[in-house]
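Novice: Have a look at this fold, sequence not included:
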């Protein structure tokens with residue numbers, strides 16, 4: 001096989017019999033050795049500037065600009081969607097059944113309710129204070145009104161006929177008993193308070209009642225949110 005780049009070089013030295021077509025096999029012309037060396041140098045330059053990439057390089061250590069590099073420095077913590085930590089990592093079991101929070105400040109932990117508990121199906125319930133207590137109306141809270149009153153004259157029914165009372169527009173109150181029928185004249189609707197109707201009283205003001213306690217329940221709310229489990233692992 002022609003060795004046209006460093007990727008074609010064989011691990012077995014005896015298999016490397018040419019470089020870019022320059023014969024370096026046993027018994028080759030000494031004149032070709034110089035050209036072969038130059039081709040090797042060209043192949044290395046291709047790797048150096050990235051023209052040809054290495055297939056699977058493996059470094060014990062590597063340094064860039066005097067800084068030792070590693071894919072992840074020891075102690076780095078990351079999330080993994082798997083039960084066991086990857087090779088070279090150690091599973092951190094400090095936290096369990098918790099949510100993740102993004103913060104712009106110093107990282108920490110908090111809260112006291114487990115993730116599954118907080119997002120379980122819940123039914124709202126509670127009580128509302130609506131206590132209604134008794135209230136005695138004051139005069140100012142009663143609508144303005146008046147009352148008819150009896151006259152001071154007692155008359156027998158025989159002397160105060162229904163027809164006479166009607167014709168005079170004077171309401172009357174009958175009383176029967178004690179061996180005699182009699183009636184008290186009452187002031188008509190247009191009469192003065194001094195005759196048979198009381199003066200108006202009351203102000204019609206508003207009044208209030210304090211509340212009582214009532215309970216309520218609601219429809220269940222399903223908060224059982226879907227989730228994906230992850231683990232925290234630290235680089236060894």
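Specialist: In hand now; what should we look at? Quantities reported herein were computed from a predicted structural model and do not represent experimental measurements. Numbers count the residues shown, from 1 in each chain.

Novice: just the strands in this protein please.
Specialist: Assigned by DSSP state E, the strands in the chain fall at 18-19, 22-23, 62-64, 67-69, 77-80, 89-92, 125-132, 150-156, 172-177, 180-186, 211-217, 231-235.

Novice: so where do the helices sit in this structure?
Specialist: 31-48, 115-118, 162-167 (DSSP state H).

Novice: Residue 86 is nearest to which of these?
Specialist: helix 115-118 (24.2 Å; Cβ to Cβ). The way it works is simple: take the backbone N, C-alpha and C, and place the C-beta from them, glycine included.

Novice: helices and strands around that closest one, which ones?
Specialist: The contact analysis (3 or more Cβ pairs under 8 Å, 6 or more residues apart in numbering; DSSP states H and E) places helix 115-118 against no helix or strand.

Novice: Show me how far that helix is from its chain's centre.
Specialist: Centroid separation between helix 115-118 and its chain, computed with Cα atoms, centre = their mean, to the nearest Å, is 13 Å.

Novice: quick one: contacts of that helix?
Specialist: Contact with helix 115-118 is made by 97, 98, 99, 223, 227, as judged by Cβ atoms under 8 Å, 6 or more residues apart in numbering.

Novice: what comes up buried for it?
Specialist: For helix 115-118, a neighbour-count test (16 or more other Cβ atoms under 10 Å) marks nothing as buried.

Novice: Tell me what the nearest residue to residue 84 once chain neighbours are set aside is bridged to.
Specialist: Using Cβ to Cβ, 6 or more residues apart in numbering and skipping residues adjacent in sequence, the residue nearest residue 84 is residue 91, 6.9 Å away. Beta bridges link residue 91 to residue 233 when assigned by DSSP bridges.

Novice: surely residue 91 meets residue 78?
Specialist: No - under the criterion of Cβ atoms under 8 Å, residue 91 makes no contact with residue 78, lying 11.4 Å away.

Novice: Between the two, which contacts overlap?
Specialist: Both residue 91 and residue 78 are contacted by 232, 233, under the criterion Cβ under 8 Å, 6+ apart.

Novice: neighbours of residue 113, just the number please.
Specialist: The burial count assigned to residue 113 is 11, neighbours taken as other Cβ atoms under 10 Å.

Novice: So for it, what's the pLDDT?
Specialist: Looking at residue 113, its pLDDT reads 86.

Novice: Could you do residue 4 as well?
Specialist: pLDDT at residue 4 comes out at 87.

Novice: what's around it, how many residues?
Specialist: Neighbours of residue 4 using other Cβ under 10 Å come to 14.

Novice: again with the one 4 residues further on
Specialist: Residues within reach of residue 8, counting by other Cβ under 10 Å, total 15.

Novice: ok, back up a step: could you measure from the residue nearest to residue 84 over to residue 73?
Specialist: For residue 91, the distance to residue 73 equals 18 Å [Cβ to Cβ, to the nearest Å].

Novice: Between those two, which has more neighbouring residues?
Specialist: Between residue 91 and residue 73, residue 91 has the larger neighbour count (other Cβ under 10 Å), namely 14 against 9.

Novice: Run through the residues that contact the more buried one.
Specialist: 84, 85, 231, 232, 233.

Novice: where does it land on pLDDT?
Specialist: pLDDT at residue 91 comes out at 94.
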